[in-house]
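Colleague: Please find the sequence and the predicted model below.
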Amino acid sequence: MKKIQLLGDITPAQFLRDYWHKKPLLIRNAIPGFKPLVKLEALAEMARLNHVESRLITHFDGSWDMQHGPIEELPPRTSGEWTMLVQGVNLYNADADALLRQFRFIPDARLDDLMISYATDGGGVGPHFDSYDVFLLQAQGKRRWRIGPQKDLSLVEGLPLKILNNFTPQEEFVLEPGDMLYLPPHYAHDGIAEGECMTYSIGFRSPSYQELGEAFLQFMADSIDLPGRYADPDLDAGKHPAEIPKHMLSTIADELNKVRFTEDDVTIFLGEHLSEPKHNVFFKGPAKPLTVGRFAEAVAKRGVALSLKTQMLYRGKNVFINGESFSVSKADKAVLDVLANDRRLDGAALADASDDVMEALYTWYQDGWIELA
Ligand code: SIN
Ligand code: CO
């Protein structure tokens with residue numbers, strides 16, 4: 001896929017300074033001549049699969065309904081006011097992955113996925129807000145967006161989806177193929193299909209501190225080191241056997257206060273956490289893997305590429321891939337950083353790779369994390 005000019009006449013730096021998290025941006029013709037990457041039949045096929053996250057939202061006779069996938073059967077295309085949404089299309093489709101990667105002026109640690117929605121005339125997900133930034137790229141047909149910065153984010157109670165109580169849009173645009181709308185978090189919006197249409201959402205992840213805190217405590221459970229065991233050589237005879245002794249409480253509080261963590265602990269936790277595949281992502285290695293020797297020969301000729309599903313990150317001397325962390329030498333790090341940034345390595349770059357790197361690559365190849373390019 002050719003390099004695309006996504007942000008019209010502003011640079012990524014200007015976008016991040018003036019719009020990111022701040023205000024909406026409409027970019028007409030963000031991708032000139034944009035052609036849809038996935039046909040409706042292929043999208044519906046994905047929505048039928050167990051491991052693909054999908055939803056069907058209907059607004060028949062003025063009442064909202066939502067069904068989670070797998071979606072066996074869609075309402076007729078001729079009946080308006082329904083939409084099918086498929087998450088993570090980039091995990092299964094190389095063109096969708098290439099489109100998502102055009103947004104890498106924002107770090108991989110923040111990029112989430114490409115969701116595709118297909119709607120019949122009048123279809124949409126209703127007026128709502130999202131907790132994340134989003135780029136809404138019109139891929140096919142037309143969609144009328146109404147948006148507003150409202151403070152009242154109260155939702156209609158008792159519905160299976162988030163619908164704003166009092167939607168008060170301030171701007172309205174009809175997007176055509178190749179147009180793109182950026183919305184910051186919590187910006188109210190409602191997109192209604194005018195005829196059949198497809199919209200691609202480029203989504204971001206911003207984990208809650210609560211989620212991070214809970215996961216961090218689990219991570220630390222594997223690495224804390226508190227030697228010794230509670231003892232009370234000066235125990236006094238007491239009158240209240242059910243009461244927890246004061247000495248026991250204070251001694252144990254002192255011991256637990258020795259639990260410490262360093263920035264290194266946070267780095268490794270974060271790298272593992274952010275590169276961890278989602279629960280519905282499964283890797284499949286090659287049916288007939290090459291032997292180590294043949295793999296080395298093939299790699300020298302063709303190079304390697306990360307699988308669409310692989311998340312590879314790094315920080316300092318640590319490299320993270322699909323939830324695992326490695327502390328590596330400076331020379332190995334230089335090679336692996338290129339693989340993480342370019343998502344591929346050509347054969348020449350691997351000519352001087354250490355045995356450790358080649359061993360890691362072979363394991364990742366067997367696990368389906370990387371492929372021969
Ligand atoms: C859609 O594509 O219909 C919904 C996207 C959104 O509003 O976030
Ligand atoms: Co939304």
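Modeller: Here it is on my side, so go on. Only a predicted model underlies this, so the values are computations on that prediction, with no experimental measurement involved. Ligands and ions are numbered 1, 2, ... in the order given.
Colleague: In the stretch 151-300 of the chain, what residue comes closest to ligand 1?
Modeller: For the stretch 151-300 of the chain, the residue closest to ligand 1 is residue 199, as judged by CB to the nearest ligand atom, at 4.0 Å. All C-beta spots, glycine's among them, are computed from the backbone N, C-alpha and C.
Colleague: quick one: that residue and residue 191 touch, right?
Modeller: Yes: contact criterion CB atoms under 8 Å: residue 199 and residue 191 qualify, at 6.6 Å.
Colleague: now the helices for the stretch 1-150 of the chain?
Modeller: Counting by DSSP state H, counting those that start in this stretch, one finds helices in the stretch 1-150 of the chain at the ranges 12-18, 40-47, 94-101.
Colleague: want to throw those into JSON lines with mean neighbour count?
Modeller: What follows is the helices of the stretch 1-150 of the chain, written out as JSON lines (neighbours: other CB atoms under 10 Å):
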{"stretch": "helix 12-18", "mean neighbour count": "13"}
{"stretch": "helix 40-47", "mean neighbour count": "17"}
{"stretch": "helix 94-101", "mean neighbour count": "18"}
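Colleague: Any chance of the ones you listed in TSV with mean pLDDT and distance to ligand 1 as columns?
Modeller: Listed next are the helices of the stretch 1-150 of the chain as TSV, based on pLDDT from 0 to 100; distance: least, CB to the nearest ligand atom, whole Å:
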stretch	mean pLDDT	distance to ligand 1
helix 12-18	95	19
helix 40-47	98	12
helix 94-101	97	14
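Colleague: re the thing from before, right, and the helix or strand after the strand or helix carrying the residue of the stretch 151-300 of the chain closest to ligand 1?
Modeller: Residue 199 belongs to strand 188-204 when assigned by DSSP states H and E. Per DSSP H and E, the first helix or strand lying C-terminal to strand 188-204 is helix 209-221.
Colleague: May I have the phi/psi pair for residue 361?
Modeller: Per-residue torsions, residue 361: phi -60, psi -40 (degrees, to the nearest 10).
Colleague: I figured it was touching residue 371, is that so?
Modeller: No: under the criterion of CB under 8 Å, residue 361 is not in contact with residue 371, lying 10.8 Å apart.
Colleague: who's more crowded, those two?
Modeller: residue 361 (22 against 17; other CB atoms under 10 Å).
Colleague: Share the number of residues neighbouring residue 234, please.
Modeller: Residues near residue 234, counting by other CB under 10 Å: 6.
Colleague: Stretch 127-135: which residues count as buried?
Modeller: For stretch 127-135, a neighbour-count test (16 or more other CB atoms under 10 Å) marks 127, 128, 129, 130, 133, 134, 135 as buried.
Colleague: Keep those residues, but drop any that are not near ligand 1.
Modeller: By CB under 6 Å from any ligand atom, the members of those lying near ligand 1 are 130, 134.
Colleague: Go through the buried residues of stretch 127-135 and flag which are in strands.
Modeller: Counting by DSSP state E, the part of these found in strands is 134, 135.
Colleague: could the buried residues of stretch 127-135 go into TSV alongside distance to residue 74 and pLDDT?
Modeller: Shown next, in TSV, are those (distance: CB to CB, whole Å; pLDDT from 0 to 100):
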residue	distance to residue 74	pLDDT
127	24	98
128	22	98
129	27	97
130	24	96
133	30	96
134	24	97
135	26	98
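Colleague: nearest to residue 152, of the buried residues of stretch 127-135?
Modeller: Nearest to residue 152 out of the buried residues of stretch 127-135 is residue 129 (CB to CB; 10.3 Å).
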